[in-house]
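> A structural model of the following input is requested.
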Amino acid sequence: MTTVLLIEDNEDNEDNRVSMGILLRSSGFAILEAENGISGYKKAINDQPDLVLMDIQLPDIDGTEVLRRLKLNEQTREIPVIAVTSYAMSGDRQRFLAAGFAGYIEKPIDPPQVVSQIKNIMEKHI
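Numbering: from 1, shown residues only. Okay, the predicted model is just below:
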């Protein structure tokens with residue numbers, strides 16, 4: 001079973017994390033959760049998930065900084081990380097992918113697209 005670490009705060013809307021968790025569990029993924037960047041980074045090191053879904057706007061450090069730290073750490077550098085964000089400006093997708101994210105999902109999420117993207121990325125990392 002694929003384990004996904006969901007790093008999503010609930011400052012703006014707790015429903016985002018809850019609905020994403022329900023979607024992932026119902027799609028057969030095991031879920032770990034963190035509410036901010038620092039705790040998510042620590043959880044990634046300790047629990048070694050197969051994939052991380054990373055909110056970009058986090059209350060302590062932003063998702064791009066968490067990604068940078070994950071890529072610098074030998075224990076976590078190979079874990080694929082998908083950016084999940086409400087940023088939807090022209091060029092944002094390319095900017096996040098260039099920063100090292102394995103994928104990009106816009107909020108509000110499209111459930112089939114989320115599951116499809118996770119499965120596609122995991123197939124490449126097997």
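
> if you average pLDDT over stretch 48-61, what comes out?
The pLDDT scores in stretch 48-61 average 95.

> End to end on it, go ahead and measure it.
20 Å (C-alpha to C-alpha, to the nearest Å).

> repeat for stretch 90-108
Stretch 90-108: ends 17 Å apart by C-alpha to C-alpha.

> ok now it, how far from the chain's centre?
In terms of C-alpha atoms, centre = their mean, to the nearest Å, the centre of stretch 90-108 is found 11 Å from the chain centre.

> any residues touching that stretch, and which ones?
Outside stretch 90-108, the residues that touch it by C-beta atoms under 8 Å, 6 or more residues apart in numbering are 16, 51, 53-54, 56, 64, 67-68, 71, 80-88, 113-114, 117, 120-121. From N, CA and C alone the C-beta is placed, and that goes for glycine too.

> same deal with stretch 110-126?
By C-beta under 8 Å, 6+ apart, stretch 110-126 touches 2, 4, 20, 23-24, 27, 29, 50-51, 53, 78, 80, 82, 102-103, 105.

> What about those, which are in helices?
20, 23, 24 (DSSP state H).

> least confident pick among the residues you listed?
residue 20 (90).

> Report the contact partners of it.
With C-beta under 8 Å, 6+ apart, residue 20 has these contacts: 6, 8, 53, 84, 109, 114.

> Can you show me the CA trace of the helix or strand containing the last one as CSV?
So that's residue 114. Using DSSP states H and E, residue 114 sits in helix 111-124. Taking C-alpha atoms only, helix 111-124 is exported to CSV below (Å, rounded to 0.1, in the frame of the first residue of the first chain):
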residue,chain,number,x,y,z
PRO,A,111,-10.4,14.2,-7.3
PRO,A,112,-9.8,12.0,-10.3
GLN,A,113,-6.8,14.1,-11.3
VAL,A,114,-5.3,13.9,-7.9
VAL,A,115,-5.5,10.1,-7.8
SER,A,116,-4.3,9.8,-11.4
GLN,A,117,-1.3,12.0,-10.8
ILE,A,118,-0.3,10.1,-7.6
LYS,A,119,-0.5,6.8,-9.5
ASN,A,120,1.5,8.1,-12.4
ILE,A,121,4.3,9.5,-10.3
MET,A,122,4.4,6.3,-8.2
GLU,A,123,4.7,4.2,-11.3
LYS,A,124,7.8,6.2,-12.3
